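J.: coordinates only, sequence not included:
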C-alpha cells in the first residue's frame, strides 16, 4: 500500500490581507519561509478602502525598505500646527527644524493596500481571497486553522504560527481592555483656498480634536465630536457644516468645500497580551486607538517590522545550530520566539497607547484650570526646542523616540 503524503505545514499563516498583513508577508518575502495569507474580503474590497492614513516619517522608512514607497501616492506633511480652542498657547512642529524632508505623509489606505498587494503577488506569496478563518486551534507543534468561504469546501490549514492582522477586538474578552470615549469621528475630504502649503492642523476642542491633513490639493478631515453633536453635523447641508467647521479652525485656513461625510465611533480597545500559544495579534486585532496624533497604523507597522526581525534572527540562529538544516530546526511559532517579540514591543506599544489616551483625556474637556494648563503646556512646547524635538521624534518613531 502506498504511503500517504504528510499534510503540508506552513511556517506562517497571516490572517488578513490588509496593509498590516501584507506588510508582514512582504517583510519576510526573502526569508525562505512558507507563508500564506487568508482574507474574508474580495481583493478589490481591500484596495478600495476609503480611509486616509497619516504615515509617520519612521513608517515611510519602513515602506521604503519594503519596496513600495516609490509607487505609493502620498502628500507630505512638513509643518504641524497644534492649538486648542478657547485658550492661548499653540505650537508649530517643522520638518526643517529636524533636517527632514517631511514629518509624515498622508496616503489612502486603499492605495497602500494595492501597492503592498502588488508587491506580495510579485513575490509569489499566495493569498486566499474570500476565505474566512473561522477558528484557530493551537497544539504543541502547530496551529490548525478552519477555513470557509464562497465557492470553496470547508477545510483546514496547518501552520507553525498564525499572525492575526485583521478583525476587531470583542468586548467581554478577559484579555481586552476597553474604554468608550463617548465620541464619534466624522471623516471627509475638504477643499481649501490657496492650497495647504503642506501644513497639518490639530485643533483641540472641548468635544475632541479636529484634524486637517494635507491630501492632494486639499485636506483629509477628521472631526471628533460627541455622538449627539455628530448627529447634528451629519444633518447639516454642506454649506452649514462648512461654516461650523470654519468656526473651529478660525483664520488658519479658508475652507471652500467639503465632500461626503462618514462617521464611526471611537473606542479604545487593546489586548493585555498580543501573544498566545502559536498565535500573535497585530494591527486592529491587537489594538484600536483614538485617531488623535494618527498613531494607529504607525504603531501596527512597527509591530510588523519587529516581528519580522524577531523571526529572521531566530531563523538565523537555527541555521547556525548543529542540529541540522533550517527547514527542520526552525519553528516560527516557538514560545521563546513569541516571548522575545512581546518583550521587545512592550515599551513602545503600551507607551503609544497611553500617549494617545492621555492626549484625548487631557484635551477633550472644558474644565477651566485644565484649559489654562493646556495653554501653558503648548506655550512651553513652542518655547523649548528640545521638548518639541522629543515630541516630534515620538510621533515619528514611537515611544522609544528613535528610528
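T.: Sure, I can see it. Note that the structure is a prediction, hence the values are computed from the model and not measured.
J.: From the rest of the structure, what touches the helix or strand containing residue 162?
T.: Of the helices and strands defined by DSSP states H and E, residue 162 is found in strand 152-164. Strand 152-164 is contacted from outside by 7-16, 21, 24, 36, 38, 130-131, 133, 136, 138, 141-148, 278-282, 285, 307, 331-333, 338, using Cβ atoms under 8 Å, 6 or more residues apart in numbering. Just so you know, the C-beta spots here come from the backbone N, C-alpha and C atoms, and that holds for glycine as well.
J.: Just the buried subset of the residues you listed, please.
T.: Buried members of the contacts of strand 152-164, counted by 16 or more other Cβ atoms under 10 Å: 10-16, 21, 24, 36, 38, 130-131, 133, 136, 142-145, 147, 278-282, 285, 307, 331-333, 338.
J.: Kindly spell out which helices and strands sit in contact with the longest strand seen in the chain.
T.: Longest strand in the chain, counting residues (DSSP state E): strand 176-192. Here strand 176-192 touches strand 208-215, strand 218-225, helix 227-235, strand 255-258, strand 262-271, helix 335-363, going by 3 or more Cβ pairs under 8 Å, 6 or more residues apart in numbering; DSSP states H and E.
J.: now those in CSV, with mean pLDDT and distance to residue 110?
T.: Shown next, in CSV, are the helices and strands packed on strand 176-192 (pLDDT from 0 to 100; distance: least, Cβ to Cβ, whole Å):
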stretch, mean pLDDT, distance to residue 110
strand 208-215, 91, 13
strand 218-225, 95, 13
helix 227-235, 96, 23
strand 255-258, 97, 20
strand 262-271, 94, 14
helix 335-363, 90, 24
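J.: Which one of these lies nearest to residue 80?
T.: strand 208-215 (9.5 Å; Cβ to Cβ).
J.: mind listing what's buried in the strand holding residue 162?
T.: Quick answer for strand 152-164 (16+ other Cβ under 10 Å): 157, 158, 159, 160, 161, 162, 163, 164.
J.: Give me the sheet partners of it and which way each runs.
T.: strand 9-15 (parallel), strand 143-149 (antiparallel), strand 279-281 (parallel) (DSSP bridges).
J.: Beyond the longest strand of the chain, next helix or strand please.
T.: Following strand 176-192 in sequence, per DSSP H and E, is strand 199-205.
J.: what's that next one in contact with?
T.: 54, 77-86, 104, 209-214, 248-249, 252-253, 292-293, 363-364, 374.
J.: what stretches of the stretch 101-250 of the chain score poorly on pLDDT?
T.: 151, 171 (pLDDT under 70).
J.: Check the gap between residue 335 and residue 342 for me.
T.: 10 Å (Cβ to Cβ, to the nearest Å).
J.: And those two? Which one has more around it.
T.: residue 342 (17 against 11; other Cβ atoms under 10 Å).
J.: close enough to count as contact, that one and residue 273?
T.: Yes - counting by Cβ atoms under 8 Å, residue 342 does reach residue 273; the two are 6.9 Å apart.
J.: if we can go back for a sec, the longest strand of the chain to helix 335-363, inter-axis angle?
T.: 60 degrees (axes from the mean of the first three to the mean of the last three Cα atoms, to 10 degrees).
J.: Give the partner strands of strand 176-192 in its sheet and their orientations.
T.: Its sheet considered, strand 176-192 pairs with strand 218-225 (antiparallel), strand 255-258 (antiparallel), strand 262-271 (antiparallel) by DSSP bridges.
J.: Can you give me the neighbour number for the residue nearest to residue 264 when sequence neighbours are not counted?
T.: In space, and not counting its chain neighbours, residue 264 is closest to residue 185: 5.7 Å by Cβ to Cβ, 6 or more residues apart in numbering. Counted with other Cβ under 10 Å, residues neighbouring residue 185 total 22.
J.: List the contacts of residue 185.
T.: Going by Cβ under 8 Å, 6+ apart, the list of residues near residue 185 reads 208, 222, 223, 224, 263, 264, 265, 266, 291.
J.: between these, which has the most around it?
T.: Of the contacts of residue 185, with other Cβ under 10 Å as the count, residue 223 tops at 28 neighbours.
J.: Quick check: that residue touching residue 183?
T.: No - between residue 223 and residue 183 there is no contact under Cβ under 8 Å: 10.3 Å.
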